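>>> Let's see this in three dimensions:
(chains A, B, C and D)
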2 protein chains.
Amino acid sequence: MPLSQTPKSHVSARGVIPDATVSRLPMYHRSLVTLAARGVILVSSEELAEASGVSSAKLRKDLSFLGSYGTRGVGYDVEFLLYQIARALGLTQEWPVVIVGIGNLGHALAGYPGFASRGFSVVGLFDTDKQRVGESVVVAGKALEVQDISKLPQVVLSTGAAIGVIATPESAAQEVCDLMVRNGVTSILNFAPVLIEVPAGVDVRRVDLATELQILAFHEQRKSQVALTQANAG
Amino acid sequence: MPLSQTPKSHVSARGVIPDATVSRLPMYHRSLVTLAARGVILVSSEELAEASGVSSAKLRKDLSFLGSYGTRGVGYDVEFLLYQIARALGLTQEWPVVIVGIGNLGHALAGYPGFASRGFSVVGLFDTDKQRVGESVVVAGKALEVQDISKLPQVVLSTGAAIGVIATPESAAQEVCDLMVRNGVTSILNFAPVLIEVPAGVDVRRVDLATELQILAFHEQRKSQVALTQANAG
DNA sequence: TAGATTGTTAATCGATTAACAATC
DNA sequence: TAGATTGTTAATCGATTAACAATC
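Coordinates of the predicted model:
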């Protein structure tokens, strides 16, 4: 599970949206995009829940925090619900994003099609490595040149980027974070395997690729132990 | 069967470990590795909690599910606690892992140092792209050649890999998953932005790089709204 | 109207927290 | 002993679930 350093819950048109609900909205959004692409017009809570891997009761409860966007006896209009969820998530506006650390992970993030399609626009790629600075990376169909980290302040200022992504090694993460924050970045997605310190008002979410693997190992270990127990019992 | 061969407890020494606790164990593990590297011998729940970004009450509660590994009035022995957490997570054994989809993300995963240091050993890299098959990738200091996906069954069989990582585009994810499961993989880490279907007994965890960014955008949007409201009120 | 499905309620379940007895 | 800190308890808080009244 991703590690959150963000506040607990949030105010919407209807009041507070629980954290647990917010964390599932991107999944519902994705399911609806898929359904819309297939030409589906209407969807029931049962069908959308199935497509998203949750129970229909949970789905309806989650959607009720956004508003009453369904029709009793009928279901939800796919396009309309899609728009409402996108709006709640903030995906109906354009978010300029800067990425620091253009190694393999940085390249993967810069080229990820799921960013552009959700309103995220990568406006700057930065590295300290002279070998990488100047390299041209294709982002959302356009070439973007990797710049020296010293150019970050100017790019953040001119684009108004509020979101920064850290894909550096652990050793550089805090320094990069400080630079971002000093220049007005107020939301940081941190892929470096270290907790970073930020002033109040700045949100950080950390994704550690190894964390999820460790949780899988935990469950896998449990499965082997159960198998062993059954073998010994039998 | 002799009593000496009877397995001890199975889920844990103390019983069931809650999901919320399991999700935080990798973080505690990482904090302890850092402390140990600094030569710290003893740590209090207060200090370890601070380093891990949780409250000390939560930390002590979490650790209590593993056993009683601290000393009242003193704290926790860093090396001993590190071992106990590693053991609980299953990191004291070697986990052979196969990775399918060796694009930018696959490369980043294959080269991630946090894998090898936690007992994960990448034993196979697979792709369908003829351009990529045959490429040599440095994994944990050794060269490993990208193989055609058709070689996966043989590698899973010979290495006993129970864990597979999917880093393919969405379109290939389910097919790759099926191939893995048919050949004995029982835990799957899925980076493709799609839900995959697996039989009972197979665990899947999905990491979507865009999900976290969307949650950040949600919070960022909230911040601007609050700022706006305050400006209008003032 | 009859059938279907939402949105909400209330009960249950699980996680978090503060406080402190146990004990080094 | 006096001080420190764990491990556990009990209260609180938040999330999930099943059931169903509302209503299309």
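>>> lowest-confidence helix or strand of chain A?
strand A:3-4 (a mean of 40; mean pLDDT, DSSP states H and E).
>>> wait, isn't residue A:122 in contact with residue A:142?
No. Taking contacts as CB atoms under 8 Å, residue A:122 lies outside contact range of residue A:142: 9.4 Å. Glycine gets a C-beta too; all of them are placed from N, C-alpha and C.
>>> And the two? Which one has more around it.
residue A:122 (23 against 10; other CB atoms under 10 Å in any protein chain shown).
>>> is chain B contacted by the longest helix along chain A?
Longest helix of chain A, by residue count under DSSP state H: helix A:209-233. Yes. Counting by CB under 8 Å from any CB of the partner chain, chain B is contacted by helix A:209-233 at A:209-223, A:225-226, A:228-229, A:232.
>>> Make a PyMOL selection of whichever of these turn out to be buried.
To isolate the buried members of the residues of helix A:209-233 next to chain B in PyMOL, using 16 or more other CB atoms under 10 Å in any protein chain shown:
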select buried, chain A and resi 209+210+211+212+213+214+215+216+217+218+220+221+222+225
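>>> Can you classify residue A:76 as helix, strand or coil?
Secondary structure for residue A:76, judged by DSSP: H, G, I helix; E, B strand; the rest coil, is strand.
>>> Enumerate every residue touching the residue nearest to residue A:196 when sequence neighbours are not counted.
Closest residue to residue A:196 apart from its sequence neighbours, by CB to CB, 6 or more residues apart in numbering or on different chains: residue A:177 at 4.5 Å. Contacts for residue A:177 (CB atoms under 8 Å, 6 or more residues apart in numbering or on different chains) come out as A:166, A:188, A:190, A:196, A:197, A:198, A:204.
>>> And for residue A:127?
A:100, A:101, A:102, A:106, A:133, A:146, A:147, A:148, A:149.
>>> which residues in chain A form strands?
A:3-4, A:10-12, A:15-17, A:42-43, A:70-71, A:75-77, A:95-100, A:120-127, A:136-139, A:142-148, A:163-166, A:187-190, A:203-206 (DSSP state E).
>>> Out of those strands, flag the one nearest residue B:29.
strand A:3-4 (13.0 Å; CB to CB).
>>> pLDDT wise, what is residue A:1 at?
According to the prediction, residue A:1 has pLDDT 36.
>>> now residue A:5
46.
>>> Over to the one 4 residues further on?
pLDDT, residue A:9: 54.
>>> Show the contacting residues for the nearest residue to residue A:90 once chain neighbours are set aside.
The shortest distance from residue A:90 to any non-neighbouring residue, by CB to CB, 6+ apart, is to residue B:221 (3.4 Å). Residue B:221 makes contact with A:89, A:90, A:93 under the criterion CB under 8 Å, 6+ apart.
>>> Residue A:92 is in contact with residue A:83, correct?
Yes. At 7.4 Å, residue A:83 and residue A:92 qualify as touching, with contact defined as CB under 8 Å.
>>> how near is whatever residue of chain A ends up closest to DNA strand D to chain B?
Residue nearest to DNA strand D within chain A (CB to the nearest atom of the strand): residue A:73, separated by 2.2 Å. Per CB to the nearest CB, to the nearest Å, residue A:73 is found 28 Å from chain B.
>>> ok, that residue - how many residues close by?
Neighbour tally, residue A:73, other CB under 10 Å: 5.
>>> cool, and residue A:227?
If we define neighbours as other CB under 10 Å, then residue A:227 has 10 of them.
>>> what about it, distance to residue A:124?
51 Å (CB to CB, to the nearest Å).
>>> same check, this time on residue A:162
13 Å.
>>> So, low pLDDT: which residues of chain A?
A:1-14, A:233-234 (pLDDT under 70).
>>> So which residues on it come close to DNA strand C?
Residues of chain A found near DNA strand C (CB under 7 Å from any atom of the strand) are A:44-46, A:56-57, A:60-61, A:63-64, A:68-76.
>>> ok, of these, which come out buried?
For the residues of chain A next to DNA strand C, buried by 16+ other CB under 10 Å: A:45, A:60, A:63, A:70, A:75, A:76.
>>> Now the second one: closest residue in space that isn't a chain neighbour?
Just to be clear, that refers to residue A:60. residue A:45 is the one closest to residue A:60 (CB to CB, 6+ apart), at 4.8 Å.
>>> show me what contacts that neighbour?
Residue A:45 neighbours (CB under 8 Å, 6+ apart): A:56, A:59, A:60, A:63, A:70, A:75, A:76.
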